[in-house]
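**Q** sharing a sequence plus its predicted fold:
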Protein chains: 4
Amino acid sequence: MAKTTIRRPQVSIIGSSEADAAMLTLAAQAGAVVAKLGFALVTGGRDGIMQAASKGCADAGGIVLAVVPGTSMNEANEYCHYVIPTGLGWARNVITAIAGDIIVVIGGAAGTLSEIAFAWMYERPIIALSSSGGWAKQVAGKTLDHRQTQPVIDCPTIHEFEAALRRLLPTLPTTFAR
Amino acid sequence: MAKTTIRRPQVSIIGSSEADAAMLTLAAQAGAVVAKLGFALVTGGRDGIMQAASKGCADAGGIVLAVVPGTSMNEANEYCHYVIPTGLGWARNVITAIAGDIIVVIGGAAGTLSEIAFAWMYERPIIALSSSGGWAKQVAGKTLDHRQTQPVIDCPTIHEFEAALRRLLPTLPTTFAR
Amino acid sequence: MAKTTIRRPQVSIIGSSEADAAMLTLAAQAGAVVAKLGFALVTGGRDGIMQAASKGCADAGGIVLAVVPGTSMNEANEYCHYVIPTGLGWARNVITAIAGDIIVVIGGAAGTLSEIAFAWMYERPIIALSSSGGWAKQVAGKTLDHRQTQPVIDCPTIHEFEAALRRLLPTLPTTFAR
Amino acid sequence: MAKTTIRRPQVSIIGSSEADAAMLTLAAQAGAVVAKLGFALVTGGRDGIMQAASKGCADAGGIVLAVVPGTSMNEANEYCHYVIPTGLGWARNVITAIAGDIIVVIGGAAGTLSEIAFAWMYERPIIALSSSGGWAKQVAGKTLDHRQTQPVIDCPTIHEFEAALRRLLPTLPTTFAR
C-alpha cells in the first residue's frame, strides 16, 4: 500500500561531467520538465550534465538537491538549493542512484554506468534519454539482469520524457499529498 | 573567501531514536528555531529526536531533509520534505554528520557519538544542547582532539541555542544570498 | 616508481550469486590459477561465482579474502581465510572493485556491472572471462569511457587468463618481494 | 550456534596516526600478542598506532590486513600482507570497527572515537588499553549506551590484554578450526 506523505516526488538525473552542447541543452530541458511536473531534482551536484540539469530546473522554479562526493558544502554547482556532502568519493554514486523515485540517464561515462547498475539493483524505474548517446543509449530499452522485468524506458525526445514521467508518477509506491 | 550561493544554510540535528518527553520537547523547539532563522533542517529521518526536530521545523514552516540508512524513499518520518536514502546502514552517520553547515547534538547514544566524531573530524562547528543529557552533555564545552581549537559549544537553553546559531551564521565559509 | 612491499599481489574476482554449472567450473579454475601464480584472491564472499572461485583458490593452497555487504564475520562462504564485513549493502561493490591489483569478471548481473564500472573509474586493469557470458561477455575487448585507453582484456579460455595474469603482474605499480 | 570455519580469528586494533613513544611501544607489544595467540591483525593501515601494531604483529610472524581510506593498493604501511582500499575517506572507520572478532583501542583521537562508537553499535567486544590515554582511557570500563551490557574491557597492562584475548576467544559466535 502506498504511503501518503508531504514530501515531494524526486527525480534523480545522472550523467557525466563531460558533455557536448547538444547533451547540455537536453539536460537543461529535462531539468525544466522535472520542475514543471512538480518533482524535486537530485543530481551529483557537479558540472556537465549535472549542472545543466540543475540550471534548467532552478530557472523553471524547481528545487534542486546535490549529493556530492566530497565533504564540503561548497562543492556543489551554483544552481543547487540543498547540498548533501558524502565524503565517499565515487561510492556516492550509490546514493544518487537511489535518491530519486525515478532515475533519468543522460549520456554518461563509467560513473553513470555504476549509477545505472545501482538504480537497477535497488529497483528504481529508469528512463534513458537515448538521443544523448553514451550509456543512456546503450541501456535504453534493455534489461540489465533478471531482477526487474520492466526494461530501461527509452525516451528519444523530451516530449516522450515528459509523457513517461507523467505515466510513472501514479505508479510509485508513495501517494504524494501535493 | 566565502562563496556566494542560492542555497540555504543547513543545520543538521543529530540524536537518537530513544528519547524521553523532555528531550522530545527540546528537539521540537530546536527544530522550530532552525526554521525561524531560515536554515533548512537535516536529520537522520527516523523517530525519536529526529522526528521531533523534523516536526518542530515543519510546523514552523521550515524545510526538512532526511538522510536515511536504508534504501527506501518511504523510510523517513512524516515530517520530511526531501529524502536521501543511502543504503549504507549506520555508515550513513558520516553523512548526517557533515550535511549541515552547523551540527547540533541533542541527547544521544552511540550512533550520535559516531556522528559527533565525524562532524569534528570534518571540521563542522558543533553545538550541544547539554540539558538533554546523553553524549550532548558529555561533549559540551570539550575538544575531542587537536584537530579543532573551538570546543563543542555548550547551549544549556533554547535561547542560548538561538543566539549561538545567529552568531555562527556569518562566520561560515559561505555567503548566503537570502 | 613502483613501491617494494611484503604484501602479496591480489586478484579480485567479481561475478554474481546465480551461475550455471559451466560458469562455476570456470570460476573454480580461475581461483586455482590465482593461487598457482601466487596472488591472493579477493571476492564478495557470497555464493555462486564468489564461492566457486574461493573454493578453487583455497583447494589449490591459495589465500582467500572476503569483502561482504553485511556486518557479520560469519557472512562469508566456507572457503575464506579472512573476512572484511562492511555493513554497506551493495555499496560494498566499490571495495571489491578496487581490492585487487587486477580485477577479473566472470558472468555477472547488475551487481557485477557496478563493480566493472568502479574498477574502470579507479583505473584497475580488468580481465573478462568472456566465455562465461553475462556482463563479462558484453564488456570484453571494450573501453567503458575515455578514462582508460587499455580495453577490458578478453580471455576466452582459462589458458589465456593465466597468460594475461603473468603478463600483467610485472606492469603493476608495485614491486612484490616474493 | 557457533559456525565452524577455516578462517582465522581477527583482532582489529584502532588508534590514531599521532602517538608518542610509549604508545607506539605498547601498540607493537599488542600486535605481537595478537600474532602469538593466532589471531590475524586488522588495522587502518596508516602510520602511528596502526603502523606500530602492524610491525609488532608482522615481526612476531603474524598476518596483517590493512583497510585504508584511499583507493591505492600502495597506501598501506610496509608491514601489511593484504590491503583493502575503500575510497571512502573516514567512512572507512565503520569497516575497521567491525573487521575484527574483537576490537582493541590504543590511545586515540576523534577518528578512533568514531570507530569505538561503530564497534559498540555493531556489538563487537571492545578492549581498551587504558594506560595509552586518549579515548582508550576515557571509555575503559564504561558502557556507551544501552545496546550492550558488557562495558568496554579495561586492560591497563599488556598481560591483562593477553589474558582478555584468551578469555574472549571461546566466547565468540564462531568455532575456529585451527
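**A** Alright, I've got the coordinates.
**Q** A:G31 touches A:A60, doesn't it?
**A** Yes - using CB atoms under 8 Å, A:G31 makes contact with A:A60 at a distance of 7.1 Å. Placement of C-beta: from N, CA and C, glycine included.
**Q** between the two, what contacts are shared?
**A** Here A:G31 and A:A60 share no contacting residue, scored by CB atoms under 8 Å, 6 or more residues apart in numbering or on different chains.
**Q** those two: who's more crowded?
**A** A:G31 (31 against 16; other CB atoms under 10 Å in any protein chain shown).
**Q** not counting its neighbours along the chain, what's nearest the more buried one?
**A** In space, and not counting its chain neighbours, A:G31 is closest to A:G56: 2.9 Å by CB to CB, 6 or more residues apart in numbering or on different chains.
**Q** how close does that neighbour sit to chain D?
**A** Counting by CB to the nearest CB, to the nearest Å, the separation of A:G56 from chain D is 31 Å.
**Q** one more: A:L65?
**A** From A:L65 to chain D the distance is 20 Å (CB to the nearest CB).
**Q** that residue in helix, strand or coil?
**A** Following DSSP: H, G, I helix; E, B strand; the rest coil, we place A:L65 in the strand state.
**Q** quick check: residues of chain A near chain D?
**A** Neighbours of chain D within chain A, by CB under 8 Å from any CB of the partner chain: A:71, A:87-91.
**Q** for the residues you listed, which one is nearest chain C?
**A** Using CB to the nearest CB, A:A91 comes nearest to chain C of the residues of chain A next to chain D, at 4.4 Å.
**Q** ok, that closest one to A:P69 distance?
**A** Note on A:A91: its distance to A:P69, by CB to CB, to the nearest Å, is 8 Å.
**Q** confirm A:A97 sits in a helix?
**A** Yes - remark: A:A97 belongs to a helix, assigned using three-state DSSP.
**Q** related to what we said a few turns ago, the more surrounded of A:A91 and A:P69?
**A** Neighbour totals were compared for A:A91 and A:P69, and A:A91 leads with 26 against 22 (other CB under 10 Å).
**Q** quick check: next helix or strand after the helix ranked longest in chain A?
**A** Among the segments of chain A that qualify as a helix by DSSP state H, the longest is helix A:21-36. Once helix A:21-36 ends, the next helix or strand along the chain (criterion: DSSP states H and E) is strand A:40-43.
**Q** pLDDT weak spots in chain A?
**A** For chain A, the stretches with pLDDT under 70 are A:1-4, A:178.
**Q** if I look at the residue nearest to A:G31, how far off is A:T112?
**A** For A:G56, the distance to A:T112 (CB to CB) stands at 18 Å.
**Q** right, and A:C155 touches A:A164 too?
**A** Yes - between A:C155 and A:A164 there is a contact under CB under 8 Å: 5.3 Å.
**Q** need the residues touching each of these two.
**A** In contact with both A:C155 and A:A164: A:I127, using CB under 8 Å, 6+ apart.
**Q** which of these two has more neighbours?
**A** More crowded of A:C155 and A:A164, by other CB under 10 Å: A:C155, with 23 against 19.
**Q** so what's the more buried one closest to, chain neighbours aside?
**A** Per CB to CB, 6+ apart, closest to A:C155 is A:F161, 4.3 Å.
**Q** what's the spacing between the helix or strand in which that neighbour is found and its chain's center?
**A** Per DSSP H and E, A:F161 falls inside helix A:158-168. For helix A:158-168, the separation from the chain centroid amounts to 13 Å (computed by CA atoms, centre = their mean, to the nearest Å).
**Q** show me where chain A has its helices.
**A** Here chain A has its helices, by DSSP H, at A:21-36, A:49-59, A:93-98, A:110-121, A:134-139, A:158-168.
**Q** buried residues in the last one?
**A** By neighbour count, and taking 16 or more other CB atoms under 10 Å in any protein chain shown as the criterion, the buried residues in helix A:158-168 are A:158, A:160-162, A:164-165, A:168.
**Q** just stretch A:145-153 next, same as before
**A** By 16+ other CB under 10 Å, the buried positions in stretch A:145-153 come out as A:145, A:148, A:152-153.
**Q** okay if I get those residues as CSV plus distance to C:G100?
**A** Listed next are these as CSV, based on distance: CB to CB, whole Å:
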residue, distance to C:G100
A:D145, 23
A:Q148, 29
A:V152, 29
A:I153, 35
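**Q** pick out whichever of those residues sits closest to C:T5.
**A** Proximity of these to C:T5 was ranked by CB to CB; the top entry is A:D145 with 37.3 Å.
**Q** what about stretch A:132-148 and chain B, any contact?
**A** No - shown here: stretch A:132-148 not in contact with chain B (CB under 8 Å from any CB), separated by at least 13.3 Å.
**Q** measure A:K142 to chain C for me?
**A** Counting by CB to the nearest CB, the separation of A:K142 from chain C is 10 Å.
**Q** I'd say that residue and A:Q150 touch.
**A** No - proximity of A:K142 to A:Q150 does not meet the contact threshold set by CB under 8 Å, at 11.0 Å.
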